[in-house]
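Engineer: No sequence on hand, only this structure:
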Ligand SMILES: *Cc1c(COP(=O)(O)O)cnc(C)c1O
């Protein structure tokens, strides 16, 4: 069923990536059913939260788990949890005064890991302490940055951020030696499926995933897994309690929707998704690479350093096309297609989020826009 047409908002084909800006990902029927059932019932929210957390912990082979409103909210809750723990005096002070008066609220982060999501720590009252530089971080720099004011070490996972940064094992070794927990933001780091438990197995204390990305759960959902005491501390700050993180309320619809999404995800095989993406990329590369003035290649890893392929399509200077002009033409066409700019004269085409058959539409429209292809029939 199309989106509300009366609003005049156009639907997109998403050949870009799992971006909140483009509506994230699509939910499977079982996830929608779970949300619908939840929306039609009353329940004790504490009881539901505990039961869903327990089931999610089992499914993901973790000690404990918690549903939040998104990975960004997960960062806020993890920050608060590391600052106060389960100390009700501190939780109470936080409600009154925030956490600014607490002496232990520094979060150490490697320079190479800095990214647009880390202000969540600041919103929660944490102070970011950056170590290393864009090219490298040394173990001694991290050791020196951990002081009695340190509440946690933040680790942003993903090949796109790992360049020159210390490995997780090393970070865990140094942090744990000082009795400081390690938070891993792995929001977009699925596949592989095993990442749901491998970061915690490698020693991370809390690991955060977006529910609205690869898990294909509700857009406003996220998953925190890890140490039981810290997960309980997250819950102390969160709704339905009327405490500091009350504004990030998780509805019963998101809780049960995310649970259904993780249940479905665990039945799927990473290899099938990889094979589907490889097949589409090969088709695109073969067809578009044969157009005059155009070159096409498989590019790997894909968005956010994830282990999935995409195609990179480049234009000769003689063609007078830029990545941005092709992107704009595809977005303003019919059907509208979102793609990412790869460099000044290239775009990425990502097969991941396409519904069956859309790969053909993308191929036709891109062929047409780059000037030599067959026109697509407007839908
Ligand atoms: C997408 C992303 C987030 C935010 O996830 P939401 O679930 O949309 O809040 C946080 N951190 C990183 C590294 C991300 O890629």
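Structural biologist: Arrived safely, thanks for sending. Because the structure is a prediction, the values reported are computed rather than measured.
Engineer: make it CA atoms for all contacts and neighbour counts henceforth
Structural biologist: Fine.
Engineer: low-confidence ranges in the stretch 251-379 of the chain?
Structural biologist: 372-379 (pLDDT under 70).
Engineer: the strands in it, which residues?
Structural biologist: 294-299, 310-315, 336-338, 340-343, 346-349 (DSSP state E, counting those that start in this stretch).
Engineer: Now do the first one: which elements does it pack against?
Structural biologist: For strand 294-299, the contact count by 3 or more C-alpha pairs under 8 Å, 6 or more residues apart in numbering; DSSP states H and E identifies helix 270-289, strand 310-315 as packing neighbours.
Engineer: Can you give me the neighbour number for the closest residue to the ligand within the stretch 251-379 of the chain?
Structural biologist: Using C-alpha to the nearest ligand atom, residue 304 is the residue of the stretch 251-379 of the chain that sits closest to the ligand, at 7.0 Å. By the criterion of other C-alpha atoms under 10 Å, residue 304 has 18 neighbours.
Engineer: can I assume it is in contact with residue 186?
Structural biologist: No - applying C-alpha atoms under 8 Å, one finds residue 304 not in contact with residue 186, separated by 10.2 Å.
Engineer: list residues touching both of these two?
Structural biologist: residue 158 (C-alpha atoms under 8 Å, 6 or more residues apart in numbering).
Engineer: What parts of the stretch 151-300 of the chain come near the ligand?
Structural biologist: Neighbours of the ligand within the stretch 151-300 of the chain, by C-alpha under 6 Å from any ligand atom: 185, 187, 188, 210, 211, 212, 222.
Engineer: correct me, but residue 223 touches residue 70?
Structural biologist: Yes - under the criterion of C-alpha under 8 Å, residue 223 makes contact with residue 70 at 7.3 Å.
Engineer: Neighbour count for the two, which is higher?
Structural biologist: Taking other C-alpha under 10 Å, residue 223 and residue 70 do not tie; residue 223 has more neighbours (29 against 24).
Engineer: residues in contact with the residue lying farthest from the centre of the chain?
Structural biologist: Distance to the chain centre peaks in the chain at residue 318, reaching 38.1 Å (criterion: C-alpha atoms, centre = their mean). Contacts for residue 318 (C-alpha under 8 Å, 6+ apart) come out as residue 293.
Engineer: separation between it and residue 365?
Structural biologist: With the distance defined as C-alpha to C-alpha, to the nearest Å, residue 318 ends up 21 Å from residue 365.
Engineer: Likewise for residue 157?
Structural biologist: Counting by C-alpha to C-alpha, the gap from residue 157 to residue 365 is 35 Å.
Engineer: Going along the chain, name the helices of this protein.
Structural biologist: Counting by DSSP state H, the chain has helices at residues 29-39, 45-59, 71-84, 88-97, 119-123, 139-145, 168-177, 195-201, 228-237, 252-267, 270-289, 323-332, 358-369.
Engineer: Just the buried positions in the fifth one, please.
Structural biologist: Neighbour-count burial for helix 119-123 flags 119, 120, 121, 122 (criterion: 16 or more other C-alpha atoms under 10 Å).
Engineer: Is that helix positioned near the ligand?
Structural biologist: No - contact of helix 119-123 with the ligand (C-alpha under 6 Å from any ligand atom) is absent, the minimum separation being 8.9 Å.
Engineer: hmm, who's touching that helix?
Structural biologist: The contact list for helix 119-123 (C-alpha under 8 Å, 6+ apart) reads 72, 73, 75, 76, 79, 107, 127, 128.
Engineer: Dump these into a markdown table; add distance to the ligand as well.
Structural biologist: Shown next, in a markdown table, are the contacts of helix 119-123 (distance: C-alpha to the nearest ligand atom, whole Å):
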| residue | distance to the ligand |
| --- | --- |
| 72 | 4 |
| 73 | 6 |
| 75 | 8 |
| 76 | 10 |
| 79 | 13 |
| 107 | 16 |
| 127 | 17 |
| 128 | 15 |
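Engineer: Neighbour count and pLDDT added to these, as JSON lines?
Structural biologist: JSON lines is the format used below for the contacts of helix 119-123 (neighbours: other C-alpha atoms under 10 Å; pLDDT from 0 to 100):
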{"residue": "72", "neighbour count": "22", "pLDDT": "98"}
{"residue": "73", "neighbour count": "27", "pLDDT": "98"}
{"residue": "75", "neighbour count": "31", "pLDDT": "98"}
{"residue": "76", "neighbour count": "24", "pLDDT": "98"}
{"residue": "79", "neighbour count": "29", "pLDDT": "98"}
{"residue": "107", "neighbour count": "27", "pLDDT": "98"}
{"residue": "127", "neighbour count": "20", "pLDDT": "98"}
{"residue": "128", "neighbour count": "21", "pLDDT": "98"}
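Engineer: before we move on, back to that, which residues do residue 223 and residue 70 both contact?
Structural biologist: With C-alpha under 8 Å, 6+ apart, residue 223 and residue 70 have common neighbours 209, 210, 211.
Engineer: so who does the residue of the stretch 251-379 of the chain closest to the ligand touch?
Structural biologist: Per C-alpha under 8 Å, 6+ apart, neighbours of residue 304: 158, 159, 160, 188, 189.
Engineer: Return a ChimeraX selection command for the buried portion of those residues.
Structural biologist: Provided next is the ChimeraX selection string for whichever of these are buried by 16+ other C-alpha under 10 Å:
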select :158,188,189
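Engineer: re earlier: nearest to residue 216, of the contacts of helix 119-123?
Structural biologist: Set against residue 216, the nearest of those by C-alpha to C-alpha is residue 72 (16.3 Å).
Engineer: hey, what's the closest residue to residue 208 other than its chain neighbours bridged with?
Structural biologist: Among residues not flanking residue 208 along the chain, residue 224 sits closest, at 4.5 Å (C-alpha to C-alpha, 6 or more residues apart in numbering). When bridges are called by DSSP bridges, residue 224 pairs up with residue 66, residue 208.
Engineer: Thank you, goodbye.
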